[in-house]
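S.K.: I need the structure of the sequence given here:
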Amino acid sequence: RGVVPSPVRADAVVEKGADEVEEAKGTAGFFSCTINLLKSVIGAGILVIPFALSQLGWVPGVLTLILAAGLASLGLYLLTIVGHKYGRTATFGAVAERIFPKIAIWFDVFVLVKCLGVGSAYLWEIVSLIPDVMKGFMIRSYMSRNPSDTIEKALEVVELPNWITYRVVRAIMALIVLAPIASMRKMDSLKYTSFIGMFSVLYLLVLCIFDFISLAVKKESYPIKAFVPFSMTAFQAFSIFVFAFNCHQNIFPIQNEARNNSPRWMSIVTSTTMSISLGIYLVFGLLSYGAHEKIDGSILKKYPLEKVQYIAARLLYIFVLGCSYPLQSFPSRMSMERIIHKISVKTKDYPRVVYFGSTLFIILFTGAVASSTIGLKDILGVIGATAG
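M.R.: Next up, the predicted model:
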């Protein structure tokens, strides 16, 4: 016979429907999508680009860097086509289920391993930079109290507090700040932290240009060699270049939330991102290579501790890495949730438990790696050569 719903209930249904339609359309604009994807690209990898170029020489190094950017762009373009066909709930695992149903779970495993590795690398570098920043401030404070002393004496006299020498303590300090940001549910919410992170990258870029020009004017810069003798570290350099453009784990979340998620519109986002990234890497890598001798690993190791501009550089780069960390935890959690639901269907009845449990695992795992003594270039080399 039919039951006529009350006007209040009908309004509620209409209102709910409007919200769902708005959510389905997506809310992220060009700036939000580009800045989040750009920040997914530029993280700890930029620190070892000068090292990688020094292992290859600038001619093969630049060509390899351009090749890596081109292949990454092609991969992103193909993924946006697939994501648009799938809809606004696309993930690597979900898309793979339509193509390779029996092994779809392994796509989520690869994304999880890659993002956990990169997030661990970011946190590892943050933990490593904290003592240098603190010591820099302490040296400046000592020199202000003892202006007649030399920097060399200040470096000998100033000692860090004993508690800050433990990596696990510094890892806990960093995670207390990063955990709330890493727990955010939407990628679009990270656009402001990504913007701060890119401002910090810009400062590093300007600083390296200033350093190189200052040395070049004095004729004290080092030769940027076109070719160098081949060694096994060249393979590590290649994997670093692959890693440097690896942002594919975030393309589906960004596309899902974009106001216009068509492949053509997304190709503008991805090409803009890759062009800016390539330009930053080329300028920063080549000029840092020419400004420093015998680069081994992170370029920050070559910066003096006591000078204000380098203290600021380290502090701002902590912000860069801190803003990059949530961009790795987001896809890690998505993949982990899918793996858990695939293993046990009953877990779908407890979404909040799975969500926060996955977030807690990511925080604890990355914190454990960051507390170890593994080197940054080793982490990036392994991840770039495997999951990346």
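S.K.: Just to be sure, residue 226 is in a helix?
M.R.: No. If the criterion is DSSP: H, G, I helix; E, B strand; the rest coil, then residue 226 is coil and not within a helix.
S.K.: Quick check: the gap between it and residue 115.
M.R.: From residue 226 over to residue 115 the distance is 36 Å, taken as C-beta to C-beta, to the nearest Å. No exception for glycine: its C-beta is placed from N, CA and C like everyone else's.
S.K.: So for these two, which sits in the more crowded spot?
M.R.: More crowded of residue 226 and residue 115, by other C-beta atoms under 10 Å: residue 115, with 27 against 11.
S.K.: next structured bit after the strand or helix carrying that one?
M.R.: Per DSSP states H and E: residue 115 is located in helix 104-145. Remark: after helix 104-145, the chain's next helix or strand is helix 151-157, criterion DSSP H and E.
S.K.: Hey, what's the angle from the helix or strand following that next one to helix 104-145? Just curious.
M.R.: Later in the chain than helix 151-157, the nearest helix or strand by DSSP H and E is helix 167-182. Per axes from the mean of the first three to the mean of the last three C-alpha atoms, to 10 degrees, the angle that helix 167-182 makes with helix 104-145 is 120 degrees.
S.K.: Going forward, the N-terminal residue is numbered 12.
M.R.: Taking 12 as the first residue, the last one we looked at is helix 178-193.
S.K.: Quick check: buried residues in helix 178-193?
M.R.: 178, 181-182, 185-186, 189-190, 192-193 (16 or more other C-beta atoms under 10 Å).
S.K.: residues touching the nearest residue to residue 276 once chain neighbours are set aside, list them.
M.R.: Of all residues not flanking residue 276 in the chain, residue 269 sits nearest, at 7.3 Å (C-beta to C-beta, 6 or more residues apart in numbering). Shown in contact with residue 269 (C-beta atoms under 8 Å, 6 or more residues apart in numbering): 37, 39-40, 44, 276-277, 280.
S.K.: Quick check: which ranges of the stretch 112-261 of the chain have low pLDDT?
M.R.: 198, 200 (pLDDT under 70).
S.K.: which SS state does residue 66 fall under?
M.R.: Classified using three-state DSSP, residue 66 is helix.
S.K.: Return the distance of the closest residue in space to it that isn't next to it in sequence relative to residue 313.
M.R.: Leaving aside its sequence neighbours, residue 66 sits nearest to residue 248 (C-beta to C-beta, 6+ apart; 4.3 Å). Separation of residue 248 from residue 313 (C-beta to C-beta) stands at 18 Å.
S.K.: Have a look at the two and say which one is more surrounded.
M.R.: Taking other C-beta under 10 Å, residue 248 and residue 313 do not tie; residue 248 has more neighbours (25 against 17).
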